[in-house]
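Undergrad: What follows is a predicted protein model with its sequence.
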Amino acid sequence: MAPAEVLADNARTCTAGTTLRLSAPEASQGSLLLIELKSAKPLAGVQGDWGGRTVPMWREGTDEAKRRGLLGVDLEKAPGEYELKITGETASGEKMSCSVKVPVRQGRFATERLQVGKEFVEPSPEQVKRANEERQKLRDIFDSATPERLWDGPFRIPLDGVTTGSNFGKRRILNGNPGSPHGGADLPGVTGTTVHAAQRGKVALAEELFFSGNTVVLDHGLGIYTFYGHLSEIDVKAGDVLEAGTVLGKVGATGRVTGPHLHWGLTVERARVNPMLLVKLLVNSPEVPPRKKSSKRRTR
Ligand SMILES: [Zn+2]
């Protein structure tokens, strides 16, 4: 099924000759919408804005009049209606703009109530200090966006043979105190299972962290990052550029976990979204690649 067949028709305002389509008429917390923009004329520059945050937009294929984008809705974004604004210029210098109101619904996430010993709820002051420093380090990474798109084509689930992930958005209430929601999808796997890069990207972080144990963060460009946690082994180092599917480490149970699995996260312009949705959204290229010179399709 091509994404174009499921695109819904939102109320929107666009300058003449421009159409904007979204993969769904509304979004929910932690979800992701695919944007398809088509202009009557070739486009030069295009920028997207979603409540003050940049929306990653790119040209895929050879059609200069088309752009794609990803609208990431953070897991904890307050439900309501938000304006998506896309502005730009055509190659001949005319201004172009589109705006659409996108409703954000509350996400449906599981809640788990646990009673555990105090030592599991209250980390030591040193552990708190370490965890805070690491949180800031991750925030600094997610706050920066590499301007080039480093990937091309669809994203894959990092474990072979796995088709579902669980626990995204799940809220844990430990001894009556709500913790922060689970920001990724947990993929089943035994210790030692190879973990593959979901797409091409540059290793932004490869080290042991307090909560997520041995962790790799991949920068795919345009503010899009994937996160791989609890690894038993890391096979890459910061700065490496990995091709799609490269083995970056092995499944494990490092960090604060009860058993081996892969914690897989996705951040789009700082919004924590369900990574499983990205795999589904980018399944098809927007157009058939040209037959000649098929090796030169990368556009940026
Ligand atoms: Zn997890």
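TA: Now that the structure is in, tell me what you want to look at.
Undergrad: Give the burial count for residue 101, as a bare number.
TA: As a burial measure, residue 101 scores 14 neighbours (other C-beta atoms under 10 Å). Glycine gets a C-beta too; all of them are placed from N, C-alpha and C.
Undergrad: give me the number of residues near the residue nearest to residue 108 when sequence neighbours are not counted?
TA: Closest residue to residue 108 apart from its sequence neighbours, by C-beta to C-beta, 6 or more residues apart in numbering: residue 28 at 7.7 Å. By the criterion of other C-beta under 10 Å, residue 28 has 19 neighbours.
Undergrad: Which part of the stretch 101-250 of the chain gets nearest to the ion, residue-wise?
TA: residue 186 (4.4 Å; C-beta to the ion).
Undergrad: what's the residue nearest to residue 108 in contact with, if anything?
TA: 73, 104-108 (C-beta atoms under 8 Å, 6 or more residues apart in numbering).
Undergrad: Closest to residue 257 out of these?
TA: Residue 257 lies nearest to residue 107 out of those, by C-beta to C-beta, at 23.1 Å.
Undergrad: In which helix or strand does the residue in the chain that the ion sits nearest to reside?
TA: Of all residues in the chain, residue 263 sits closest to the ion, at 3.3 Å by C-beta to the ion. Per DSSP states H and E, residue 263 falls inside strand 261-268.
Undergrad: tell me the mean pLDDT over the helix or strand following that strand?
TA: Counting by DSSP H and E, the next helix or strand C-terminal to strand 261-268 is strand 271-273. In this model, strand 271-273 has a mean pLDDT of 97.
Undergrad: So the residue of the chain closest to the ion is in contact with residue 212, correct?
TA: Yes: counting by C-beta atoms under 8 Å, residue 263 touches residue 212, with 6.1 Å between them.
Undergrad: overlap in contacts of the two?
TA: With C-beta under 8 Å, 6+ apart, residue 263 and residue 212 have common neighbours 227, 229-230.
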